[in-house]
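S.K.: I would like to see how this sequence folds:
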Amino acid sequence: MNARTHVLGGLVAAGVALSIGAGHPLTLVLASGFGGLVPDWDHPQSTFGR
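M.R.: Just a heads-up that it's a prediction; the model follows:
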């Protein structure tokens, strides 16, 4: 995957966290980190793929 999909995944995850009322900065950072890793979940060398 390219960097754009990872950035987009992080932004979408943070947007979802904001829309459900999570306004704490740590929650947004965790959601963004998770969203940035999700685009490569099916790749065998990725963090989630192992």
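S.K.: secondary structure class of residue 46, three-state.
M.R.: Using DSSP: H, G, I helix; E, B strand; the rest coil, the structure places residue 46 in coil.
S.K.: against residue 28, how distant is it?
M.R.: Counting by Cβ to Cβ, to the nearest Å, the gap from residue 46 to residue 28 is 23 Å. Every residue, glycine included, has its C-beta placed from N, CA and C.
S.K.: which one's more surrounded, the two?
M.R.: Ranked by neighbour count (other Cβ atoms under 10 Å), residue 46 and residue 28 place residue 28 first, with 17 against 14.
S.K.: now that one: which helix or strand?
M.R.: Secondary structure from DSSP states H and E places residue 28 in helix 25-37.
S.K.: for that helix, name the packing helices and strands.
M.R.: When contacts are defined as 3 or more Cβ pairs under 8 Å, 6 or more residues apart in numbering; DSSP states H and E, helix 25-37 sits against helix 3-19.
S.K.: okay, now the unreliable bits of this structure?
M.R.: 1-3, 47-50 (pLDDT under 70).
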